[in-house]
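[1] here you go, sequence then predicted model.
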Amino acid sequence: MSDELDVLLREVDRKKAELGLKPPVAPDAQEAYQERFLYDSIYHSNAIEGNSLTREEIERVLVANEVVAGKPLSDHVAVLGYRDATLLGQHYVRGNTRITEHEVKRLHRRMLIDHQEASGEYRNYNLMIHGHRPTSYEKVPYKMLQICDARPSEYRHPIESIAFFHLRLEKIHPFGDGNGRIGRLIINIMLEQLGYPAIIVTLDDKKAYYEALSAYDGLDGNPRVQPMQALLAQLVIRQLDELLALGA
């Protein structure tokens, strides 16, 4: 572990402990936070993938069932799918459900409600993404079983383990579409199950996020895990700061 990552993880632990000592936030403030977080997370995760709906438009779609003129219907459906997958993810958090292949496929099925013929099914073809070739489709089932059955190392900080799982999942790229959105949602499920706040990879974080993914690809001959671990730690700290300021 690098000194930078060690400092970040210590900061995570300190602020998480501080949040645990803070008096409960008023129910209305907590509800407002959760509602805002839902809309923000749906907006940013979809926008990273090219969805054209604005943050305000997404709220109108979800609250008023509005169809925004001039915007693709597929963008509206993607927002509804992310909401449904998020609700299923919250069910997994409450039940402390372990994320196995079954849960990953079920989340994907909820997410891609407009691609029912392919949702919840591993891809059966090879593909290239930004010059990177993910795992060959023949090996996807084995690789997914491998990462879902693996137990986190007791010698790693939970943030390290969650970031490593995310990197491996995105490198496998098990589905034809929706891998990034599903992967970021699973990060939040895993974080919340361990008592950490869910995070948002914003559009401003997109460059650092993709650089961290590329670092693990090792196209430069030096695959690295720590950039994603450090980024995830920074995002958790940012969310902890927001929660600590809530109702202050």
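    Nice, I can see it. Residues are numbered from 1 along each chain as shown.

[2] now the helices for this protein?
    Assigned by DSSP state H, the chain shows helices spanning 3-21, 27-48, 55-64, 73-94, 101-111, 140-149, 158-172, 179-193, 206-217, 226-245.

[3] including distance to Tyr122, mean neighbour count and mean pLDDT, could those helices go into TSV?
    All C-beta spots, glycine's among them, are computed from the backbone N, C-alpha and C. TSV is the format used below for the helices of the chain (distance: least, Cβ to Cβ, whole Å; neighbours: other Cβ atoms under 10 Å; pLDDT from 0 to 100):
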stretch	distance to Tyr122	mean neighbour count	mean pLDDT
helix 3-21	32	14	95
helix 27-48	21	16	94
helix 55-64	29	16	95
helix 73-94	17	18	96
helix 101-111	8	20	96
helix 140-149	5	15	95
helix 158-172	9	21	96
helix 179-193	11	22	97
helix 206-217	20	17	93
helix 226-245	23	19	97
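
[4] those: which one's closest to Pro134?
    Nearest of these to Pro134, taken as Cβ to Cβ: helix 158-172 at 6.3 Å.

[5] check which helices and strands that closest one sits against.
    Applying 3 or more Cβ pairs under 8 Å, 6 or more residues apart in numbering; DSSP states H and E, we find helix 158-172 packed against helix 3-21, helix 140-149, helix 179-193, helix 206-217, helix 226-245.

[6] which of those helices sits closest to Met128?
    helix 206-217 (12.1 Å).

[7] can you name the residues that contact the spatially closest residue to Val68 that is not a sequence neighbour?
    Spatially, and ignoring its direct neighbours in sequence, Val68 is nearest to Glu57 (4.8 Å; Cβ to Cβ, 6 or more residues apart in numbering). Residues in contact with Glu57, defined by Cβ atoms under 8 Å, 6 or more residues apart in numbering, are 66, 68, 71.

[8] of the residues you listed, select the buried ones using a PyMOL command.
    To isolate the buried ones among the contacts of Glu57 in PyMOL, judged by 16 or more other Cβ atoms under 10 Å, type:
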select buried, resi 68
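
[9] any chance of JSON lines for the contacts of Glu57, columns distance to Pro23 and pLDDT?
    Formatted as JSON lines, those follow (distance: Cβ to Cβ, whole Å; pLDDT from 0 to 100):
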{"residue": "Glu66", "distance to Pro23": "38", "pLDDT": "93"}
{"residue": "Val68", "distance to Pro23": "41", "pLDDT": "95"}
{"residue": "Lys71", "distance to Pro23": "43", "pLDDT": "96"}
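
[10] which ones among the contacts of Glu57 lie within strands?
    Nothing among the contacts of Glu57 maps onto strands, per DSSP state E.

[11] tell me which of the contacts of Glu57 is nearest to Glu138?
    Lys71 (38.2 Å).

[12] these two touch, right, the closest one and Thr54?
    No: with contact defined as Cβ atoms under 8 Å, Lys71 does not count as touching Thr54 (9.0 Å).

[13] contact partners for the spatially most central residue of the chain?
    Central residue of the chain (Cα atoms, centre = their mean): Arg184, 1.3 Å from the mean position. Taking Cβ under 8 Å, 6+ apart, we find Arg184 in contact with 45, 166, 201.

[14] cool, Arg83 as well?
    38, 42, 62.

[15] and the gap between the first one and Asp84?
    Applying Cβ to Cβ, to the nearest Å, one obtains 12 Å for the distance of Leu38 from Asp84.

[16] ok, now the last one?
    Separation of Leu62 from Asp84 (Cβ to Cβ) stands at 11 Å.

[17] ok, the second one next?
    As defined by Cβ to Cβ, Ile42 lies at a distance of 11 Å from Asp84.
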